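> Here's my sequence, what's the structure:
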Amino acid sequence: MKCEIIAIGSELLTPWRQDTNSLYLTERLNEIGVVVAFKTIVGDRRKDLAAAIRTALGRTDIVITMGGLGPTEDDLTREAWADVLGTKLKRDADIVGQLYARAAQRRWTLTENNLKQADMLEGAEVLENPHGTAPGQWLDTVFAGHRKLGMLLPGPPREIKPMFDQQCMPRLRAVLPVRHIATRTLKAAMIGESLCDSRIAPIYTQYPDVETTILAGAGDIQITLMCRHPRKEHAEARVHELASRIEDELDDFVYSSQGEGLEQIVLYYLEMRGATLSVAESCTGGMLAQRLTSVSGSSRSFLGGAVVYSNELKTEFAGVPEELIEMRGAVSREVAAALAEGIRRRCSSTYGVGITGIAGPTGGTEEKPVGLVYIALSDGVQTEVVEKNFAGDRERVRFYATQQALDMVRRRLM
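The predicted model follows:
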């Protein structure tokens, strides 16, 4: 069964508001084997709403609209559904009574426009809303000769979530065939998307029953596998088999098979080996430390470090010799190594990381262009330095550098 979720509200088409309800609904729908094939955002215009609902009914089995059930002139979800289904709205006397009772209890004056919240589509079931005034509606109808399920749900999260869990999920379980969805997320670091796909496509194309999605970020690849089947064990077995083959192919590029972030994996390895880490960051400006400390319990392995943006602080906090900076330049292989070695000694950590580079958009030269970054890792015996030329804007270059640093630590710990 395929579903489309339609988020309604002109405010969702501005830069200041975004739909989050659909993420929650998607997770719950996946639990019962329903795949969300489309998500649509549409403004508060009746014709646009009707067009979106009509399109959704034509291409999916289940259509959920969120929002537009309030009392104001721009709350037109009920009217749009009626237009599409060619049916009428009927004012429900019981809901009208509940609205008056609720208003009296709270000493509100119930204005006439509030009563439109009692307008029900012919054949719809009422979905009670104990957290708000606008009830939802459940539809089991026929559109273009095919059975369709429709849900008209309110927009506020505190209303839609309990309504969906307590009233929609039981109805869906009752009418839908039993299906299970098994998923697995693999993550790989510092491998290009095209190279990754060229290596694993010959494998995952052998599994047409498993949907494979590849999402590329800055130095990070996320491979999501999803299989639907009436038998949970079969779905899980297919996903596990494909995941194992992909892991074997990508080998040590894969750092996670359960969706963890790279910083989580690095901290796990550090704690498992009783090791500690400190960092000296120049162009990344503390981003590496921020990523590590975003993980709860990181203090067991991450000691801290310094943001050494100026040459003076590179010397004072990380012990980089002034003459080395003058001779090689602040952005150099030698200074990166000195940063890693110096911060490790200063913090008495097992490992030290040093990062220096040119994040841009200014500051680059022909010899040292924007995107040039040196990342060093030292354990007191061996110091490894990697030179990279990262493409992209300032934020992307900085994130790439932290990703490279974390991956270097991970590989050393492995």
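> Report all helices and strands that the helix or strand containing Ala280 contacts.
In this structure, Ala280 sits in strand 277-281 according to DSSP states H and E. With contacts taken as 3 or more Cβ pairs under 8 Å, 6 or more residues apart in numbering; DSSP states H and E, strand 277-281 sits against helix 287-293, strand 302-307, helix 311-318, helix 333-347, strand 351-357. Where you see a C-beta, it was placed from the backbone N, CA and C, and this is true even at glycine.
> Swap in 6 Å and give it another go.
Packing partners of strand 277-281 (3 or more Cβ pairs under 6 Å, 6 or more residues apart in numbering; DSSP states H and E): helix 287-293, strand 302-307, helix 333-347, strand 351-357.
> So which of those is nearest Ser378?
helix 333-347 (3.9 Å; Cβ to Cβ).
> give the contact list for the closest residue to Ile95 other than its chain neighbours.
Computed as Cβ to Cβ, 6 or more residues apart in numbering, the closest residue to Ile95 that is not its neighbour in sequence is Ala118, at 3.8 Å. Shown in contact with Ala118 (Cβ atoms under 6 Å, 6 or more residues apart in numbering): Arg91, Asp92, Ile95, Val96.
> again with Gly360
Gly360 touches Val370, Arg394, counting by Cβ under 6 Å, 6+ apart.
> And the pLDDT at it?
Predicted confidence (pLDDT) for Gly360: 96.
> State the helix or strand in which it lies.
Using DSSP H and E, Gly360 is not contained in any helix or strand.
> Over to it: give its phi and psi.
For Gly360, the backbone dihedrals (degrees, to the nearest 10) come out as phi 80, psi -170.
> Make sure Glu326 is indeed in a helix.
Yes: Glu326 forms part of a helix when assessed by DSSP: H, G, I helix; E, B strand; the rest coil.
> give the contact list for it.
No contacts exist for Glu326 under Cβ under 6 Å, 6+ apart.
> What separation do you get for it and Ala340?
20 Å (Cβ to Cβ, to the nearest Å).
> related to what we said a few turns ago, of the contacts of Ala118, which belong to strands?
Those of the contacts of Ala118 mapping onto strands are Arg91, per DSSP state E.
> Neighbour count says what about the contacts of Ala118? Which are buried?
Buried members of those, scored by 16 or more other Cβ atoms under 10 Å, are Asp92, Ile95, Val96.
> Columns pLDDT on top of the residues you listed, output as JSON lines?
Formatted as JSON lines, the buried ones among the contacts of Ala118 follow (pLDDT from 0 to 100):
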{"residue": "Asp92", "pLDDT": "92"}
{"residue": "Ile95", "pLDDT": "92"}
{"residue": "Val96", "pLDDT": "91"}
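> Out of these, which is nearest to Gly286?
Taking Cβ to Cβ as the measure, Ile95 is the one of the buried ones among the contacts of Ala118 closest to Gly286, at 55.0 Å.
> where in the stretch 301-414 of the chain is pLDDT low?
For the stretch 301-414 of the chain, no stretch has pLDDT under 70.
> hmm, back to that, can the contacts of Ala118 go into JSON lines with extra columns for distance to Gly354?
Listed next are those as JSON lines, based on distance: Cβ to Cβ, whole Å:
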{"residue": "Arg91", "distance to Gly354": "71"}
{"residue": "Asp92", "distance to Gly354": "69"}
{"residue": "Ile95", "distance to Gly354": "66"}
{"residue": "Val96", "distance to Gly354": "70"}
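> Which pair of the contacts of Ala118 spans the longest distance?
Spanning the widest gap among the contacts of Ala118 are Arg91 and Ile95, at 7.9 Å by Cβ to Cβ.
> The residue nearest to Ile53 when sequence neighbours are not counted: what's it in contact with?
Once flanking residues are discounted, Ile53 sits nearest to Val84: 4.9 Å by Cβ to Cβ, 6+ apart. Contacts for Val84 (Cβ under 6 Å, 6+ apart) come out as Ala50, Ile53, Arg54.
> can you tell me how far Thr383 sits from Ala275?
Applying Cβ to Cβ to Thr383 and Ala275 gives a distance of 16 Å.
> How about Ala144?
In this view, Ala144 and Ala275 are 63 Å apart by Cβ to Cβ.
> got it, and Trp138?
Using Cβ to Cβ, Trp138 is found at 56 Å from Ala275.
> quick one, which of those two is more surrounded?
Trp138 (19 against 16; other Cβ atoms under 10 Å).
> Go ahead and confirm Glu249 touches Arg199.
Yes: counting by Cβ atoms under 6 Å, Glu249 does reach Arg199; the two are 5.5 Å apart.
> outside of the strand holding Ala280, which residues touch it?
Counting by Cβ under 6 Å, 6+ apart, 270, 288-289, 302-303, 305-308, 318, 339, 343, 347, 349, 351-355 sit against strand 277-281.
> What score does the residue nearest to Ile95 have for pLDDT?
What the model reports as pLDDT for Ala118 is 93.
> and what of Ala37?
What the model reports as pLDDT for Ala37 is 96.
> now swap in the one 4 residues further on and tell me
Here, the pLDDT recorded for Ile41 equals 98.
> Which helix or which strand is home to it?
Assigned by DSSP H and E, Ile41 falls within strand 35-42.
> Just checking: what are the partner strands of that strand?
Take DSSP bridges as the rule and strand 35-42 pairs in its sheet with strand 2-8 (parallel).
> measure Glu263 to Leu149 for me?
Between Glu263 and Leu149 the distance, using Cβ to Cβ, works out to 42 Å.
> Please apply the same query to Asp92.
Separation of Asp92 from Leu149 (Cβ to Cβ): 21 Å.
> okay, now Glu31: neighbour count?
So Glu31, with other Cβ under 10 Å, has 12 neighbours.
> swap that for Thr205, sorry
Quick note: Thr205 (other Cβ under 10 Å) scores 9 neighbours.
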